[in-house]
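Colleague: Predicted model, plus sequence, below.
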Amino acid sequence: MFRPAFALMLLALGSTAYAADAPGLTPSEIKVGGVFPFSGPASSYGIIGRAILAYVQSINDRGGINGRKINYIAYDDAYSPPKAVEHVRKLVEGDEVAFMFGQLGTPGNTAVAKYLMSKHVPAIAIATGSNKFTNVADFPLTTTSIVSYDTEGKIYAKFLTKTLPDAKYAILYQNDDLGRDYVNAFKAILKGDFDKKVTAISYEVSDPTVESHIVSLKSSGAEALLLAGTPKFAAQAIRKAAEIGWKPAILLNYPSSSVGATLKPAGLEKATGVMVGTNMIDPTDARWANAEGTKSYLTFIDKYMPGADIADFNILYGYTQAMLLEDLIKQCGNDLSRENIIRQAKSLKNLALPTLLPGISINTSDKINMNYTQMRLQRWTGTRWDLFSEVLDASSE
């Protein structure tokens, strides 16, 4: 165990070297930074940051880790890349965080990536599945905490070619890296058949609605619809499809899979039959009532986020992210230098967090920047998610 007295002696011998070797670290605290859309068009994701903050408080209430409290500093970028840049600079140069953890959004993470690398600041468990961030050569100090959109898209494309081989498919996608990764994944699987089988229409995150897009996609004659964007627009799309009597097989992308943020606004009955890949348990499902993950999660909600909607998948995701942060810091032991933080983040082995589905674990390496490579498919029954596939792995796309 790290001894504060020993740490103070080291500081007395060479405080300048200590600070330079481990920014954001004192004998009693480690500073970690995060950026989330607490407001703006993607504000439904802000609850992820609030859940991380709440879980960090629970860690600190338990005495911290090895005698250190976690000072998790999170700012609101309103899903705006310029604001993300402003806040990350403040976190690194003003707050002097040891590393970034859980920053949410493809646009924001893209905007700050070069700056963080220039400052040698690790960006751990970033909440984006953009395929570009899985490239170790381009992003050596990064790990991602969502199954890559490319991998997820390929799984969905293969699922549709097996279950609806002669059908046409429609894709509504957000016009950024997030949405385009799914389109490119379908192109990779369908190859020369893509233009014949797929109608893809984009929308901007600043658009007020996608209702006209859904009307256009219906006219394509597609029997399946992939929604590749964020919860607000996925909810609008599901609701509009129901209103105009279009009943395609609907696949949601992972970022829009929340019952609370997507299905409830769409209408739970209107969402019946919607499918999505996932890697976490559903705490509202009776089958998981006695699971350790459900029990600990509900206890956490009661104490640290009373009144929160437990059906909101984003809260569960934030909670799981924070458990990953806790495990990472524990695995680093007394060496919380930036070099060891990224080393340990890429050395997680068979980490089965209690909120993950049976058979799914985190295994990282220095070959690819993904924390998660596995998922299972589930279908909304109108009242709960029904799992209907075995574990699907990125390596078996």
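Modeller: Yep, that arrived. Numbering: from 1, shown residues only.
Colleague: So what's the residue count around the closest residue to residue 218 other than its chain neighbours?
Modeller: Distance criterion CB to CB, 6 or more residues apart in numbering; nearest residue to residue 218, sequence neighbours excluded, is residue 246 at 4.4 Å. (C-beta placed from N, C-alpha, C; glycine too.) A count of neighbours around residue 246, defined by other CB atoms under 10 Å, yields 18.
Colleague: Can you pull out the low-pLDDT segments for the stretch 101-250 of the chain?
Modeller: Across the stretch 101-250 of the chain, nothing is flagged by pLDDT under 70.
Colleague: Now with 90, please.
Modeller: 106, 129-131, 147, 177-178 (pLDDT under 90).
Colleague: can you give me the helices for it?
Modeller: With helices called from DSSP state H, counting those that start in this stretch, the stretch 101-250 of the chain shows them at 106-118, 149-163, 177-190, 194-197, 211-218, 231-243.
Colleague: How far away from the center of its chain is the first one?
Modeller: Think helix 106-118. Computed by CA atoms, centre = their mean, to the nearest Å, the chain-centroid distance of helix 106-118 equals 16 Å.
Colleague: That helix - contacts with which helices or strands?
Modeller: helix 81-89, strand 123-126, helix 177-190 (3 or more CB pairs under 8 Å, 6 or more residues apart in numbering; DSSP states H and E).
Colleague: buried residues in that helix?
Modeller: Across helix 106-118, burial judged by 16 or more other CB atoms under 10 Å covers 106-113, 116-117.
Colleague: Among those residues, which one sits closest to residue 186?
Modeller: residue 106 (18.1 Å; CB to CB).
Colleague: who touches the closest one in this structure?
Modeller: Residue 106 sits next to 128, 130, 176-178 when contact means CB atoms under 8 Å, 6 or more residues apart in numbering.
Colleague: 6 Å - rerun?
Modeller: Residues counted as contacts of residue 106 (CB atoms under 6 Å, 6 or more residues apart in numbering) are 128, 130, 177-178.
Colleague: Give me the residue at the spatial middle of this structure.
Modeller: residue 127 (3.7 Å; CA atoms, centre = their mean).
Colleague: got the contact list for the residue nearest to it when sequence neighbours are not counted?
Modeller: Spatially, and ignoring its direct neighbours in sequence, residue 127 is nearest to residue 104 (4.0 Å; CB to CB, 6+ apart). Residue 104 sits next to 36, 45, 127 when contact means CB under 6 Å, 6+ apart.
Colleague: Report the beta-bridge partner residues of the first one.
Modeller: On DSSP bridges, the residues paired with residue 36 through beta bridges are residue 76.
Colleague: how near is it to residue 74?
Modeller: Applying CB to CB, to the nearest Å, the value for residue 36 to residue 74 is 6 Å.
Colleague: Show the residue spans covered by the strands in this protein.
Modeller: All strands of the chain, identified by DSSP state E, fall at 25-26, 29-36, 69-76, 99-101, 123-126, 142-144, 169-174, 198-203, 224-228, 249-252, 275-278, 374-380, 385-387, 392-393.
Colleague: Reformat these as JSON lines; add distance to residue 334.
Modeller: Below are these laid out as JSON lines (distance: least, CB to CB, whole Å):
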{"stretch": "strand 25-26", "distance to residue 334": "10"}
{"stretch": "strand 29-36", "distance to residue 334": "11"}
{"stretch": "strand 69-76", "distance to residue 334": "15"}
{"stretch": "strand 99-101", "distance to residue 334": "16"}
{"stretch": "strand 123-126", "distance to residue 334": "18"}
{"stretch": "strand 142-144", "distance to residue 334": "21"}
{"stretch": "strand 169-174", "distance to residue 334": "43"}
{"stretch": "strand 198-203", "distance to residue 334": "49"}
{"stretch": "strand 224-228", "distance to residue 334": "43"}
{"stretch": "strand 249-252", "distance to residue 334": "43"}
{"stretch": "strand 275-278", "distance to residue 334": "36"}
{"stretch": "strand 374-380", "distance to residue 334": "32"}
{"stretch": "strand 385-387", "distance to residue 334": "41"}
{"stretch": "strand 392-393", "distance to residue 334": "35"}
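Colleague: Fine by me, we can end here.
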